[in-house]
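Peer 1: Any chance you can model this:
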Amino acid sequence: MSNKSKHQPQNHWVEGDLRLVGLLDTRMIGLLKAIEASGSINQAAKLVGLSYKGAWQIIERANNMAPKVLISTSIGGSKGGGTNLTMAGHALLDLFNRVDAEHKQFLKKINQKLADDPVIQLLLKHLAIKTSATNQLFGTITAIETGAVNAQVTLKLKGGEQIFATISLAGITELNLCIAADVLILINDPEIIMVTNQEQYQYSSRNCLAGKVMRIQIDGIDAEVVIQLPSGDSLVAMITQASAESMDLKFDSNVCAVFKSNSVILGAR
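Peer 2: Here you go, the predicted model:
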């Protein structure tokens, strides 16, 4: 079963926007480039996604802060007026372009070094995955039991807790899952059932993780409960406010997070 996460390219571990002297950033430089290309503030604003007023505010600030005027405007005349970069504006644009090229080369170089480091890959690769699932845990596959259609995958969290996931045989092949492989474990918060005394009940759900309540956020209808596992990992469960009150949940309460194996989604690079 494949997840629908979006992966960032491996050469984008480190990113950064260039800003000179706290004022000149890519937005302002983009506006200068658009003015240079169009000769019109109105057209330039549209090209960079700014309002006419917003473009003017950037221009006024740039002109006021710079020792020389960067942008000149003319109204009317035989050519109907227009907006142009001054010599100082062109010089500033050229400076930014040169620094930006070096900045990009620096990022490319450092990202390549990180991509070649297996330790860094292990630490960062799962952080680069974007997903809508509330719960995201790092785990390692310790066993795979295959059936006619599905497989049960046993996963170990970094603290030693076990999670069981049921996925299709096609998913095993598609994700190239194998023993000792590192995976991202995704669980949506509504899939988690909370109990306060594990010994009183028997469950059809395969997964039952014990922990303590670290935080409760109530919105008048639902309660978002954050459960911290002994390893330091945390799970978020979404239950009704009435359920939270009837269970007398509060900070440091002992609870168990119960969820079915088929509610676990695995992600792999």
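Peer 1: And the strands in the stretch 1-150 of the chain, which stretches?
Peer 2: Taking DSSP state E, counting those that start in this stretch, the strands of the stretch 1-150 of the chain run over residues 6-7, 19-20, 24-25, 71-75, 81-85, 129-130, 135-146, 150-157.
Peer 1: So which of those is the most surrounded?
Peer 2: Of the strands of the stretch 1-150 of the chain, the one with the most neighbours on average (mean count of other Cβ atoms under 10 Å) is strand 150-157, at a mean of 20. The C-beta positions use only the backbone N, C-alpha and C, and glycine is treated the same way.
Peer 1: Which elements pack onto it?
Peer 2: If contacts are counted by 3 or more Cβ pairs under 8 Å, 6 or more residues apart in numbering; DSSP states H and E, strand 150-157 sits against strand 135-146, strand 162-168, helix 169-175, strand 182-187.
Peer 1: Could you point out the bridge partners of the closest residue to residue 182 other than its chain neighbours in the sheet?
Peer 2: In space, and not counting its chain neighbours, residue 182 is closest to residue 140: 5.6 Å by Cβ to Cβ, 6 or more residues apart in numbering. Listed by DSSP bridges, the beta-bridge partners for residue 140 are residue 156, residue 182.
Peer 1: For residue 68, see how far away the closest residue to residue 41 other than its chain neighbours is.
Peer 2: Nearest residue to residue 41, sequence neighbours excluded (Cβ to Cβ, 6+ apart): residue 83, at 4.9 Å. Using Cβ to Cβ, to the nearest Å, residue 83 is found at 16 Å from residue 68.
Peer 1: State the three-state secondary structure for residue 213.
Peer 2: strand (DSSP: H, G, I helix; E, B strand; the rest coil).
Peer 1: burial of the residue nearest to it when sequence neighbours are not counted, as a residue count?
Peer 2: Leaving aside its sequence neighbours, residue 213 sits nearest to residue 253 (Cβ to Cβ, 6+ apart; 4.4 Å). When neighbours are counted by other Cβ atoms under 10 Å, residue 253 registers 17.
Peer 1: What of residue 173?
Peer 2: By other Cβ under 10 Å, neighbour count at residue 173 equals 10.
Peer 1: so where's the stretch 101-250 of the chain uncertain?
Peer 2: 117-133, 198-203 (pLDDT under 70).
Peer 1: Switch the helices and strands packed on strand 150-157 over to CSV, and while doing so, append distance to residue 197 to every line.
Peer 2: Output for these, formatted as CSV (distance: least, Cβ to Cβ, whole Å):
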stretch, distance to residue 197
strand 135-146, 23
strand 162-168, 21
helix 169-175, 35
strand 182-187, 22
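Peer 1: out of these, which comes closest to residue 54?
Peer 2: Closest approach to residue 54 among the helices and strands packed on strand 150-157 (Cβ to Cβ): strand 135-146, 36.7 Å.
Peer 1: Residues in contact with that closest one: which ones?
Peer 2: Strand 135-146 has contacts (Cβ atoms under 8 Å, 6 or more residues apart in numbering) with 126, 129, 151-158, 162-163, 169, 172, 177-189, 192, 233, 235-236.
Peer 1: do the same with stretch 49-56
Peer 2: 31, 41-42, 44-45, 48, 58.
Peer 1: doesn't residue 93 make contact with residue 29?
Peer 2: Yes. At 6.6 Å, residue 29 counts as touching residue 93 under the criterion of Cβ atoms under 8 Å.
Peer 1: of these two, who's got more company?
Peer 2: residue 29 (21 against 18).
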